[in-house]
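> have a look at this fold, sequence not included:
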């Protein structure tokens, strides 16, 4: 049994890489709050001093639910509110609250219409 655990772990990792656990290659026809949340986080990340340090929480810690974080304000446009932990210019981790409006015309190209931090 002891020798079986590493094999199960390796099989799990291999399954993850060969399975279909990746973003769709084509944009969704009808983007949802979850799609808007993914894009909002990416656009916020791009505006940070240290984008690689961005932490928006995870399902195991400080989860931000996309269905609660984003609300449709018009067809194909969402207002998303949340927070991000990231390093400031001095290297200290800081929590910043943000509110953004993201929109898409075709699901492929997204634009940041508003960006406010608190």
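Received, thanks. Not measured: the values here are computed from a predicted model.

> can you give me how far stretch 97-108 is from the chain middle?
Here stretch 97-108 is found 12 Å from its chain centre; the criterion is C-alpha atoms, centre = their mean, to the nearest Å.

> report pLDDT for the residue nearest in space to the middle of the chain.
Nearest to the mean C-alpha position of the chain, by C-alpha atoms, centre = their mean, lies residue 38 at 3.7 Å. What the model reports for residue 38 is a pLDDT of 95.

> use 536 as the first number from now on
Understood, numbering begins at 536; the last thing we discussed is residue 573.

> excluding chain neighbours, give the residue nearest to residue 648 in space.
residue 636 (4.2 Å; C-beta to C-beta, 6 or more residues apart in numbering). In short, each C-beta sits where N, CA and C put it, glycine included.

> before we move on, what SS does the residue nearest to the centre of the chain have?
Per DSSP: H, G, I helix; E, B strand; the rest coil, the secondary structure class of residue 573 is helix.
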